[in-house]
Each structure stands twice: as structure tokens, then as C-alpha cells.
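Colleague: take a look and give me a structure for this.
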Amino acid sequence: MAFVSSGGERCESEAGCTLFECADRLGVRVPTSCGRQGICHECIVEVTRGSDGLVPRTGPEAFLRGGYRLACQAAISDAALDVEFAPLARRPQILTTSTSTETEIDPIVTRQDGKIFYDGEAIDQDRAQLCGLAVDWGTTTVVLELIDLETGACLWMSSLENPQRFGGSDIMNRISYDSGPGRGELHKTAISSLNREIQEICRSVGIDRRQIYETVVVGNTTMRDLFFGFDVQSIGQRPYKSQVEHEYRANRRSGTSLTELAHRLGLLTHPKGRVYGGPLIASHVGADTAAGLLATGMHESRETCMLVDIGTNTEVVIAHEGRLVAASCPAGPAFEGGLVTHGMTGCDGAIEEINGNSHGWIYRTIGDLPPQGICGSGLIDLLAELRRSGIMAPKGIFANKASVLPIVPEHGITFSREDASNLAQAKAANYCGQYIVMRHCGVRPEDIERLYLAGGFANYISVRNAIDIGFLAPVPEARIVKVGNAALAGASRMLLSRRKRRMIEELVQRVEHVELETTPDFFEVFVEGCQFKPMPAELRA
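Modeller: The predicted structure follows:
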């Protein structure tokens with residue numbers, strides 16, 4: 001007899017029982033659309049403990065690596081003692097606020113004379129409600145918003161962890177995965193998971209899926225193109241440009257946005273509805289950054305502005321004296337739950353705030369639940385506190401030469417020297433992006449009149465702590481504005497306004513792109529950025 005656990009629940013299980021059957025007993029929702037036959041590949045779970053207590057992978061699981069299994073195929077073996085697994089669709093904390101400006105309502109989908117039109121083409125008879133879906137398809141987290149196309153009202157918001165993470169925690173790993181025997185699985189997973197969300201949203205709101213006439217998808221270049229089923233291999237090789245960008249620069253496309261019929265992608269909205277992919281800027285700077293520009297309106301400001309959209313891939317854009325300069329920073333997943341022993345995304349039970357006093361650590365978790373790990377905002381707090389207290393040196397070495405520090409020992413949560421090293425490299429990528437783009441534009445941190453922090457993670461961080469460890473440029477705090485999920489806000493504006501859609505398609509063509517890794521002193525800046533100390537106020541030439 002073995003013990004199987006998931007989501008804090010535990011049950012006994014006999015040999016031969018699948019993880020799907022265990023999930024049923026535990027009340028854990030695992031998706032499937034093939035009747036548990038190993039065909040749909042939707043029931044992927046991550047085995048976090050006791051993987052050697054399961055039978056070997058079956059044929060339908062050949063595309064999976066590491067601790068990932070199909071719940072309908074992974075059965076308990078005779079040797080099992082203790083197995084723990086987690087579904088790939090945990091619900092992260094949703095950021096519902098945005099400080100971006102309102103937009104005019106002039107959607108490409110309209111109704112007239114008893115018919116529904118898409119850009120002048122009749123596609124349906126009149127229905128009670130015209131809806132659209134805005135999607136921010138991030139590397140780690142996916143956020144969706146259902147919108148009434150005639151009023152602009154938000155009808156529903158939801159979020160989930162990106163179910164494609166079995167292909168790797170960052171975009172380079174996913175590009176590599178998509179070149180192997182699992183080619184097409186990441187695209188298939190994106191469509192099937194979005195279809196499940198659409199079905200749940202429609203049930204919750206009480207609409208027919210055929211009332212969704214357009215879906216706008218934004219994301220970094222790799223995520224967007226995987227969603228549309230493009231070959232993404234060229235994005236992972238110099239000069240790091242997508243197939244779409246290559247075609248645009250060869251004058252075989254008029255722009256880098258995409259439009260496809262929903263039914264051709266297999267999306268369960270109106271079959272004659274469209275799926276619009278926001279325009280790319282260049283290389284890894286994708287449609288999510290274009291959407292962020294649209295949401296903040298920084299390109300229309302006379303101020304020197306900087307947008308930092310923090311994520312697995314962080315994007316930095318500066319608007320200065322009529323120029324727009326952008327770069328992408330491959331930060332990796334360390335601040336989003338990966339590569340840190342007790343790191344996790346911003347889900348229930350994650351420590352999101354932490355500080356120390358003479359009695360030890362004081363923390364707060366999402367949902368006020370028992371702590372399961374530390375999410376990105378908590379990690380920034382922890383690093384800053386370790387530096388202030390002298391427990392950790394700027395290079396991440398612990399003062400007592402220990403390799404592991406207890407943080408919440410009663411729950412087994414620790415922080416190691418290796419964790420600090422992985423966070424240092426992720427922090428250095430963010431540091432390099434801001435440093436090099438500012439220097440390229442000839443501005444210093446004090447010259448930035450408005451710093452927009454975008455993304456769900458960015459909304460919850462302590463700005464002071466982030467500046468103190470060099471995660472953010474030392475811009476005066478009064479000038480820093482948290483704009484929430486700017487990518488989703490921009491996607492909704494593309495959905496609601498054809499004028500703004502045309503405007504952003506034109507705007508991306510004049511953004512200057514800086515390739516950080518080709519900067520002559522990139523390595524020196526990166527090494528400096530690995531230290532947990534503030535960025536200097538004066539940037540060296």
C-alpha cells in the first residue's frame with residue numbers, strides 16, 4: 001500500500017491505481033477529453049516526490065521528460081511508498097487592476113441590420129451579446145479577460161499556470177522541446193487548455209461560446225508563435241528572429257501581427273470568428289511588450305519614461321526625446337517558482353511578504369494559508385532582509401559559511417546558497433536590461449521621470465527592497481508607477497479599438513531594438529549585476 005498526496009490532501013493507494021484515480025479520491029481536478037485513454041495529452045501532472053514508485057512511462061507518454069507524467073497512464077508500482085504530484089493548472093493570484101487609460105470602443109466586430117460583421121464581412125445572425133476574449137499568454141502564467149465588445153465591460157477574468165511548462169521553464173527550453181519528438185505538443189496543449197477555460201467562462205457567465213467573435217492573444221515572441229502553431233526554431237538561433245519577423249523583413253508580410261480563423265486553430269469560439277496575434281517588435285521583444293506600450297501610452301508622453309515588464313523574459317522599453325528603445329532580458333524562472341528549492345508561483349500558500357526581527361522571520365502568505373513555498377515578491381523581501389542584517393554578503397555568500405538557512409523550519413522551508421546563486425543570475429538579467437538600455441539612450445536613473453512596472457509579479461513587490469538589491473534601477477520611488485497587467489490591458493484595447501490596433505501595428509516598426517548579448521561589455525555588466533547591491537546612479541560609458 002502506498003500513500004499518494006496532492007494539494008495538501010493524502011490518500012492510500014494500491015498497486016496498479018493510476019494517478020488519475022488517486023486524483024479522484026483526493027478531489028483534485030485533472031483535465032481530460034479522451035476518457036483517460038492517453039490520447040488527448042491534457043492530464044499532464046508533475047510528480048514532485050516518489051517518481052520511482054510509478055510504473056515506467058507508456059507509449060503515449062513518450063513526449064514527456066523529467067518528472068512529468070500523464071495521470072491516466074502513471075500507475076502505482078509494487079515498490080511505491082510515498083508519491084506526490086501536482087496538476088499543471090494551479091490558479092495563480094489574479095491581478096485585476098490596471099492604471100492604464102480607458103480606450104474608445106470601436107471594435108472590428110459589429111452588428112447591423114440583424115447580422116454580425118467582422119471587418120465588414122457578415123459572419124453570423126444577430127445574437128444577444130457580442131463578446132471578445134483578451135489573452136496574455138505568458139511563459140509562466142496565462143491571464144484571460146472576457147469583454148463585452150459593445151460596452152467595453154469586463155465580464156470575467158481568470159488565470160492559470162501555463163500548462164506548457166512540461167516543455168521547460170523558459171523559452172529556450174521550450175524551443176528546444178518543440179524541435180524534438182514532442183513537436184506540436186506545446187501548441188496542442190495551449191489550444192486545449194484555452195478551450196477548457198473558455199468552456200468554464202461561458203458556463204460561469206451564461207453565454208454560448210459562439211458569442212465570442214474574436215480572441216486577441218499577446219505574449220513574447222515564442223509564446224505567441226507557439227500558440228499559432230509556427231515553427232519557433234529560428235527564435236532560438238542567431239539572429240534570434242521568428243519566422244514571422246523574417247518574412248516581414250523580407251517584404252513577404254505587411255507586418256508582424258497575425259490573424260487566423262478560430263476553427264482552423266481548433267479554438268472553441270464562433271467558428272467564423274478570428275484569433276488576432278498582437279504585433280511583434282523584434283527578436284524576443286514580442287506582442288506583450290507592444291501591448292504594454294499601448295496600455296501605458298508612454299510613446300505619447302513628453303517625459304522620459306521606462307517600462308519594465310517583469311517575468312521569465314523581462315522586457316525594458318525607454319521613451320526618450322522621440323525615440324523608443326527596447327530590449328529583452330532572459331531572466332529565467334527563478335523569481336517565478338523555478339530553480340529555487342522552495343520557490344513557487346503566486347498561488348495560495350505562497351509567502352509573498354517576509355521580514356525579520358529579533359525573534360526570527362515574520363511572513364504573510366497568499367490566502368493566509370499555511371506556507372508551501374516563497375513566491376517572487378517574498379524572495380525579493382528575503383534577499384533584501386538577508387543583506388540588511390549582514391547574514392548574506394553582496395555576492396550571495398552566507399556570513400556563517402552555511403550552505404542552507406532555515407526560513408520557516410516548522411514547514412521545512414529553507415533558502416540555500418544555490419538558491420541565492422540562481423536568483424543572482426535572474427536578477428542580473430533584469431539589471432543588464434535596464435542598465436544597457438538607459439546607457440544606450442544616454443539617460444541615468446535619475447533622468448527617468450516615470451518608471452512603469454508591469455506584470456502581476458511586479459505589482460506585489462516592495463519597490464524599496466527591489467532597488468536595494470539591484471533588481472530595479474534607483475529611480476526615485478515617487479516616480480515609479482505599478483500599472484498591473486499592462487499586456488492584458490493592451491490586448492483588451494486591441495480588441496476594443498481598431499484605431500489603436502492599427503496604431504500599435506505602425507508603432508512597433510519604429511522601435512529600436514538592442515541586443516544585450518552583443519554589447520561589448522555585456523559580461524562585465526552582468527557580473528556586476530549578479531551582486532545583491534544597488535545599481536550605481538552613474539552608468540559607466
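
Colleague: every contact and neighbour count from this point should use C-alpha atoms.
Modeller: OK.

Colleague: and the pLDDT at Asp255?
Modeller: Just so we're on the same page, residue 255 is Gly rather than Asp. Gly255 is assigned 97 on the pLDDT scale.

Colleague: that one belongs to a helix?
Modeller: No. Read with DSSP: H, G, I helix; E, B strand; the rest coil, Gly255 is coil and lies in no helix.

Colleague: so who does it touch?
Modeller: Gly255 is in contact with Tyr248, Pro279, Glu505, counting by C-alpha atoms under 8 Å, 6 or more residues apart in numbering.

Colleague: try 6 Å
Modeller: Tyr248 (C-alpha atoms under 6 Å, 6 or more residues apart in numbering).

Colleague: so how far is Val142 from it?
Modeller: 25 Å (C-alpha to C-alpha, to the nearest Å).

Colleague: same question, Leu88
Modeller: Counting by C-alpha to C-alpha, the separation of Leu88 from Val142 is 12 Å.

Colleague: ok, Ser257 next?
Modeller: To Val142, Ser257 is 20 Å away according to C-alpha to C-alpha.

Colleague: ok, Glu14 - how many residues close by?
Modeller: Neighbour count for Glu14, taken as other C-alpha atoms under 10 Å: 16.

Colleague: tell me the contacts of it?
Modeller: Neighbours of Glu14 in contact, by C-alpha under 6 Å, 6+ apart: Met1.

Colleague: give me the pLDDT value at it.
Modeller: pLDDT, Glu14: 92.

Colleague: coming back round to it: between Ser257 and Val142, which one's more packed in?
Modeller: Neighbours per residue (other C-alpha under 10 Å) separate Ser257 from Val142, with Val142 holding more: 23 against 20.

Colleague: the more buried one belongs to a helix?
Modeller: No. Assigned with three-state DSSP, Val142 falls outside any helix and is strand.

Colleague: which strand residues bridge it?
Modeller: Trp137, Leu160 (DSSP bridges).

Colleague: ok, now how distant is it from Val135?
Modeller: As judged by C-alpha to C-alpha, Val142 and Val135 stand 7 Å apart.

Colleague: likewise for Ala424?
Modeller: From Ala424 to Val135 the distance is 31 Å (C-alpha to C-alpha).

Colleague: what's the burial count for Met1?
Modeller: The burial count for Met1: 14, using other C-alpha under 10 Å.

Colleague: per-residue pLDDT, it?
Modeller: At Met1, the pLDDT value in this model is 76.

Colleague: ok, now the one 10 residues further on?
Modeller: Model confidence at Cys11, expressed as pLDDT, equals 93.

Colleague: try Thr140
Modeller: Reading off the model, Thr140 has pLDDT 87.

Colleague: identify the residue spatially nearest to it, adjacent ones excluded.
Modeller: Using C-alpha to C-alpha, 6 or more residues apart in numbering and skipping residues adjacent in sequence, the residue nearest Thr140 is Asn162, 5.1 Å away.

Colleague: quick check: that neighbour vs Val527, distance?
Modeller: Asn162 is 31 Å from Val527, by C-alpha to C-alpha.

Colleague: likewise Gly219?
Modeller: 29 Å.

Colleague: these two - which one has more neighbours?
Modeller: In terms of neighbours (other C-alpha under 10 Å), Gly219 is the more surrounded of Gly219 and Val527; the figures are 30 against 15.

Colleague: next one: phi and psi at the more buried one?
Modeller: phi 170, psi 170 (degrees, to the nearest 10).

Colleague: from Arg210, how far off is it?
Modeller: Distance of Gly219 to Arg210, given as C-alpha to C-alpha: 24 Å.

Colleague: can you map out the strands along the stretch 351-500 of the chain?
Modeller: Remark: strands assigned in the stretch 351-500 of the chain by DSSP state E, counting those that start in this stretch are 360-365, 373-374, 404-408, 413-416, 450-454, 480-482.

Colleague: compare the ones you listed and give me the one nearest Gln199.
Modeller: Each of the strands of the stretch 351-500 of the chain has some distance to Gln199 by C-alpha to C-alpha; the shortest is strand 450-454, at 28.8 Å.

Colleague: in its sheet, what does that closest one sit against?
Modeller: When pairing is defined by DSSP bridges, strand 450-454 lines up against strand 305-309 (parallel), strand 480-482 (parallel).

Colleague: all helices of the stretch 151-300 of the chain, in order?
Modeller: 171-177, 185-205, 221-227, 243-249, 262-265, 287-296 (DSSP state H, counting those that start in this stretch).

Colleague: many thanks, we can stop here.
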